[in-house]
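A.B. asks: just to be clear, the model below is a prediction. Sequence and coordinates:
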Amino acid sequence: MKRPQLEDGYTRIANELLEAMGRIRINGEAMQVLMVIIRKTYGFSKKSDVISLSQFVLATGINKTSVLRALKKLVSMNIVYQKVNDTGNMYSIIKQYDRWKPLTKKITVYQKVNHRLPKSKSSFTKKGHTKETITKETITKYICMRHGKRKPCQLLMDNVKLTDAEIQELQERFGDKLYKQMLTSLSDYLVNGKFGKGYTDHYRVMNGWVARQVLKDAGLAANYDIREKKKSEHQKVLEQIDADKKKPKMSPEEMRKIRERNMGK
């Protein structure tokens, strides 16, 4: 890789503005999108520019849903100004950094833990969780309803609930990259979608329209549909074989009578 040189191009930006950005808390995806806006505006000696969603996706490598969420966050923080016109969405940096609104810090609350040691080894007995011995690990366990049964699950992206087995199956089936995009897509819909609050079986939803949408965006929807169709046809064949096995077998005498009847016809 060639070393970057100023002669190949550079972005003029005030040091005061850069220092202000260093003082404010911006999450990873929002920071990526912010860097693209700076490059497309100050990088071309412009105060604002029309930037399409596909340009953000190409420059950052993150999916459209994540880009939209990052843009919404930057606008709400008053760092980026967004204006919709006939040519598309125009973006610019708000230079009045004293008007920027920082993100609220995430606070993790830990329960009180009893650190007292037993008086002797002989008196030590393993006890279950009590009010004082509950830690963060046990607090963050959740319950999912699957086929009318309660199962332990994990909370992902703050609102998606999946069991360990479901997570493993989705990662093996779609790969880690597509799995993460599916998580992001479902999480965003649960927050902003019309019917998101009505979803209870998130695993089923991810295997349904979420998978089709993500695979379609990745250009893999056709392969997925063919694979699902073949899987369905194969399942029908297996079910038919099982049904045939369960049928009572005819005796040789019954088979002889059927042959004679057919020959008589």
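C.D. replies: Thanks, I have it.
A.B. asks: going by C-alpha atoms from here, please, whenever you check contacts or count neighbours.
C.D. replies: Noted.
A.B. asks: next SSE after the helix or strand bottoming out on mean pLDDT in the chain?
C.D. replies: One helix or strand of the chain scores below all others by mean pLDDT, DSSP states H and E: helix 136-139, with a mean of 39. Using DSSP states H and E, the helix or strand that directly follows helix 136-139 along the chain is strand 142-146.
A.B. asks: buried ones in that following strand?
C.D. replies: Within strand 142-146, the residues scored as buried using 16 or more other C-alpha atoms under 10 Å are residue 144.
A.B. asks: give me the sheet partners of the helix or strand following it and which way each runs.
C.D. replies: For strand 142-146, the following helix or strand on the C-terminal side (DSSP H and E) is strand 149-156. When sheet partners are counted by DSSP bridges, strand 149-156 sits next to strand 142-146 (antiparallel), strand 160-162 (antiparallel).
A.B. asks: checking residue 89 next. Helix, strand or coil?
C.D. replies: Of the three states, residue 89 takes strand according to DSSP: H, G, I helix; E, B strand; the rest coil.
A.B. asks: where's it relative to residue 39, distance?
C.D. replies: 16 Å (C-alpha to C-alpha, to the nearest Å).
A.B. asks: higher neighbour count, these two?
C.D. replies: residue 39 (17 against 14; other C-alpha atoms under 10 Å).
A.B. asks: can you pull out the strands in this protein?
C.D. replies: Ranges of strands in the chain, per DSSP state E, are 48-50, 80-85, 88-93, 142-146, 149-156, 160-162.
A.B. asks: right, and those strands - which one's nearest residue 261?
C.D. replies: strand 142-146 (52.4 Å; C-alpha to C-alpha).
A.B. asks: just give me how far that closest one sits from the chain centre.
C.D. replies: 18 Å (C-alpha atoms, centre = their mean, to the nearest Å).
A.B. asks: average pLDDT for that strand?
C.D. replies: The average pLDDT within strand 142-146 is 81.
A.B. asks: and for stretch 182-200?
C.D. replies: Stretch 182-200 comes out with an average pLDDT of 79.
A.B. asks: quick one: buried residues of it?
C.D. replies: If you call a residue buried by 16+ other C-alpha under 10 Å, then stretch 182-200 has these buried ones: 182-190.
A.B. asks: export it as CSV, just CAs?
C.D. replies: Coordinates of the C-alpha atoms in stretch 182-200 are reproduced here as CSV (Å, rounded to 0.1, in the frame of the first residue of the first chain):
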residue,chain,number,x,y,z
MET,A,182,-30.4,-9.2,10.2
LEU,A,183,-30.1,-8.3,13.8
THR,A,184,-29.8,-4.6,13.0
SER,A,185,-32.7,-4.7,10.6
LEU,A,186,-35.0,-6.4,13.1
SER,A,187,-33.9,-4.2,16.0
ASP,A,188,-34.6,-1.1,13.9
TYR,A,189,-38.1,-2.4,12.9
LEU,A,190,-39.0,-3.3,16.5
VAL,A,191,-38.4,0.4,17.4
ASN,A,192,-39.8,2.2,14.3
GLY,A,193,-41.9,-0.4,12.5
LYS,A,194,-45.7,-0.4,12.4
PHE,A,195,-46.1,-4.0,13.7
GLY,A,196,-42.8,-4.4,15.5
LYS,A,197,-44.3,-4.4,19.0
GLY,A,198,-46.5,-7.4,18.1
TYR,A,199,-43.6,-9.7,17.4
THR,A,200,-42.9,-12.2,20.1
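A.B. asks: which residues are in contact with it?
C.D. replies: Stretch 182-200 is contacted by residues 65-66, 145, 156-160, 205-206, 210-211, 214 when judged by C-alpha atoms under 8 Å, 6 or more residues apart in numbering.
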